[in-house]
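Peer 1: Structure, please.
(one chain, ligands or ions: 1)
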Amino acid sequence: MSGKRKAHSVAEKTARSSDGGPDSGGPRPASERDARVVLSNEPGSFARSVLAERHPALIQQVRDAFPYGPRQHEALDALLEQNDNGVIEPLAPSEPGHEQWSVWGRELFGRSWFDAPFLWAESYFYRRLLGAVGYFGTGPWRGVDPFAPFKRAELRGTAVDEELRALDALADVPADERATALLHAAVRGNRADLGFRVTEGDAAPGAPSEDLVADDSARLQRLLPAGAGVTVAVVADNAGRELIPDLILIDHLLLHRHAERIVLHVKPHPYYVSDAMTADVVDCLRRLADAPGEAGRIGSRLWDAMATGRLEVLAHPFFCAPLPYEEMPGGLRAEFAAATLTILKGDLNYRRLVGDRMWAETTPFADRTAYFPGAVAALRTLKSDVVVGLEQKTLDALERSGAAWRTSGTHALIQVRGR
Ligand SMILES: O=P(O)(O)OC[C@@]1(O)O[C@H](CO)[C@@H](O)[C@@H]1O
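Peer 2: Modelled structure (predicted):
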């Protein structure tokens, strides 16, 4: 497993010069025609480090976390070998999702994992990992979340205790200030990404160097005036230390009538290590409700909101698909269209929202999200190369820093496109 990645400027120069394409050293293109799809075959690139370092390390962590039998170990060995040196193989016909993945992978099977689009390769890696440990099988490991130990340990940790205790002080802050604080806490919570920590280290959310490269928080709040009786969709990302602040923000929006109803979209099965499923929502609600003080009051209100339907959890299969949101199915599009605002959390959702391409960083966020039904907001810690909507002066300052600002998790953004 690697240590810290080299400063992105080295990797980026390598990546930009390697293919001689529009990204070779010059400014990145804004048009979809020219902005190349992120692949994992660029030497020194972040995407390559994920497949070459993060995935093997993750396989080892999963092996160590469970007393799997010979069958699971053999399947994990095979996945590791494929990931490192082999080619992409289709799911067995007996595997759930075989037909769908046969369509999604028809032009990629037989090619190196590194030559497939990064978004696709990573999504398929997690599907193959679940297959290897029997998650979708008919045996005793069916439905056993291979990432549950990591998510559980994080949720039970003392860091969460401290974050819950801090809510007591926040209870006395004026409501509008509290809203801004909770919005920023939800963004900082996105650093709590267990997959990210496999190679980037244990960066705690809210580190002092946290810096917003774009902040549309005021515009977001203007979209949700009190008493408007609207529905808000929240597309969750990670469980634990990200989902807790997300739920606290949701409670605030419901309590102060910034939303009459909130739909929380989670993953239908384990994904990207710490991505939240319904079981993780329940664990977080229990963690809140069992806590003393303001956290307990929040937990009780959210529990009641679930009972009355003001808070509803949905788990659409599309959230584990290797596709951009531009290709979302009609039913999900209708869900988002019915919401006054859809808030997407996290880095992967951002990549799927704007398109996993090396866009010019100043490409307007509104351009890249024009297809999305209704107003949309992204709350994201930067943990991968894709970024749009930056002002030129912000980009120049970030580039001058020479730091790996795109992938280190030290910077974040709140970007909004109104209706
Ligand atoms: O969506 P999240 O949890 O904020 O981040 C997901 C992530 O850890 O996985 C991908 C690379 O492995 C990147 O999108 C990002 O680094």
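Peer 1: CA atoms for contacts and neighbours, from now on please.
Peer 2: OK.
Peer 1: Whichever helix or strand Trp120 is part of - contacts with which helices or strands?
Peer 2: Counting by DSSP states H and E, the element that carries Trp120 is helix 118-132. Helix 118-132 sits against helix 70-85, with contacts defined as 3 or more Cα pairs under 8 Å, 6 or more residues apart in numbering; DSSP states H and E.
Peer 1: Would you mind extracting the C-alpha trace of the helix or strand following the helix it packs on into PDB?
Peer 2: The element immediately downstream of helix 70-85 (helix or strand, assigned by DSSP H and E) is helix 98-104. C-alpha atoms of helix 98-104 as PDB (Å, rounded to 0.1, in the frame of the first residue of the first chain):
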ATOM      1  CA  HIS A  98     -25.200 -10.700 -15.100                       C
ATOM      2  CA  GLU A  99     -27.400  -9.400 -17.900                       C
ATOM      3  CA  GLN A 100     -27.200  -5.800 -16.900                       C
ATOM      4  CA  TRP A 101     -23.400  -5.800 -16.500                       C
ATOM      5  CA  SER A 102     -23.100  -7.700 -19.800                       C
ATOM      6  CA  VAL A 103     -24.700  -4.600 -21.400                       C
ATOM      7  CA  TRP A 104     -22.600  -2.100 -19.400                       C
END
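Peer 1: ok, residues contacting helix 98-104?
Peer 2: Residues from elsewhere that reach helix 98-104 (Cα atoms under 8 Å, 6 or more residues apart in numbering): 90-93, 322.
Peer 1: give me phi/psi at the residue in the stretch 1-150 of the chain that the ligand sits nearest to?
Peer 2: In the stretch 1-150 of the chain, no residue comes nearer to the ligand than Val50, which is 5.6 Å away by Cα to the nearest ligand atom. When read as degrees, to the nearest 10, the backbone of Val50 gives phi -70, psi -50.
Peer 1: same thing with Arg352?
Peer 2: Torsion angles, degrees, to the nearest 10, at Arg352: phi -70, psi -30.
Peer 1: which ones are touching the residue nearest to it when sequence neighbours are not counted?
Peer 2: Distance criterion Cα to Cα, 6 or more residues apart in numbering; nearest residue to Arg352, sequence neighbours excluded, is Pro324 at 4.2 Å. Pro324 makes contacts with 351-356, as judged by Cα under 8 Å, 6+ apart.
Peer 1: so how many other residues sit close to the closest residue to the ligand within the stretch 51-200 of the chain?
Peer 2: Closest to the ligand within the stretch 51-200 of the chain is Phe196: 4.1 Å, counting by Cα to the nearest ligand atom. Around Phe196 there are 22 other residues, counting by other Cα atoms under 10 Å.
Peer 1: That one: what secondary structure?
Peer 2: helix (DSSP: H, G, I helix; E, B strand; the rest coil).
Peer 1: Quick one: name the residues of this protein near the ligand.
Peer 2: With the criterion set to Cα under 6 Å from any ligand atom, the chain comes near the ligand through 50, 190, 193, 195-196, 237-238, 346-349, 383-384.
Peer 1: Do you have the helices of the stretch 301-419 of the chain handy? List them.
Peer 2: Taking DSSP state H, counting those that start in this stretch, the helices of the stretch 301-419 of the chain run over residues 330-337, 347-354, 365-368, 392-401.
Peer 1: deepest of those helices, which one?
Peer 2: Sort the helices of the stretch 301-419 of the chain by mean neighbour count, taking mean count of other Cα atoms under 10 Å, and helix 347-354 sits at the top with a mean of 22.
Peer 1: So for Glu391, what's the nearest residue that isn't a sequence neighbour?
Peer 2: Nearest residue to Glu391, sequence neighbours excluded (Cα to Cα, 6+ apart): Thr362, at 5.9 Å.
Peer 1: Likewise for Leu80?
Peer 2: Pro56 is the one closest to Leu80 (Cα to Cα, 6+ apart), at 6.3 Å.
Peer 1: Helix or strand for that neighbour, just tell me which one.
Peer 2: For Pro56, the host element (DSSP H and E) is helix 55-65.
Peer 1: Tabulate the CA atom coordinates of that helix in CSV.
Peer 2: What follows is helix 55-65, C-alpha atoms only, in CSV (Å, rounded to 0.1, in the frame of the first residue of the first chain):
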residue,chain,number,x,y,z
HIS,A,55,-8.0,-1.8,-4.4
PRO,A,56,-5.3,-4.4,-3.4
ALA,A,57,-5.1,-2.8,0.0
LEU,A,58,-8.9,-2.9,0.3
ILE,A,59,-9.0,-6.6,-0.6
GLN,A,60,-6.5,-7.3,2.1
GLN,A,61,-8.5,-5.3,4.7
VAL,A,62,-11.6,-7.2,3.8
ARG,A,63,-9.8,-10.6,4.1
ASP,A,64,-8.5,-9.6,7.5
ALA,A,65,-11.9,-8.4,8.8
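Peer 1: Name the residues of that helix that come out as buried.
Peer 2: By neighbour count on 16 or more other Cα atoms under 10 Å, the buried set for helix 55-65 is 55-59, 62-63.
Peer 1: now stretch 250-266
Peer 2: Those would be 250-255, 257-266, for stretch 250-266 by 16+ other Cα under 10 Å.
Peer 1: of all those residues, which two lie farthest apart?
Peer 2: Arg257 and Val266 (22.9 Å; Cα to Cα).
Peer 1: what's in contact with stretch 135-148?
Peer 2: Stretch 135-148 is contacted by residues 62, 65-66, 95-96, 130-131, 133-134, 270, 273-274 when judged by Cα under 8 Å, 6+ apart.
Peer 1: roughly how far apart are Gln415 and Leu243?
Peer 2: Using Cα to Cα, to the nearest Å, Gln415 is found at 19 Å from Leu243.
Peer 1: On the three-state scheme, Val234 is what?
Peer 2: The three-state label given to Val234 by three-state DSSP is strand.
Peer 1: For the closest residue to Leu220 other than its chain neighbours, report the pLDDT, please.
Peer 2: Using Cα to Cα, 6+ apart and skipping residues adjacent in sequence, the residue nearest Leu220 is Val416, 6.4 Å away. Each residue has a pLDDT score; the one for Val416 is 98.
Peer 1: Reformat the residues of the chain next to the ligand as CSV; add distance to Val37 and pLDDT.
Peer 2: Formatted as CSV, these follow (distance: Cα to Cα, whole Å; pLDDT from 0 to 100):
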residue, distance to Val37, pLDDT
Val50, 16, 96
Asn190, 24, 90
Asp193, 24, 76
Gly195, 22, 78
Phe196, 21, 74
Asp237, 23, 98
Asn238, 25, 97
Gly346, 19, 97
Asp347, 16, 97
Leu348, 15, 98
Asn349, 16, 98
Lys383, 17, 95
Ser384, 13, 96
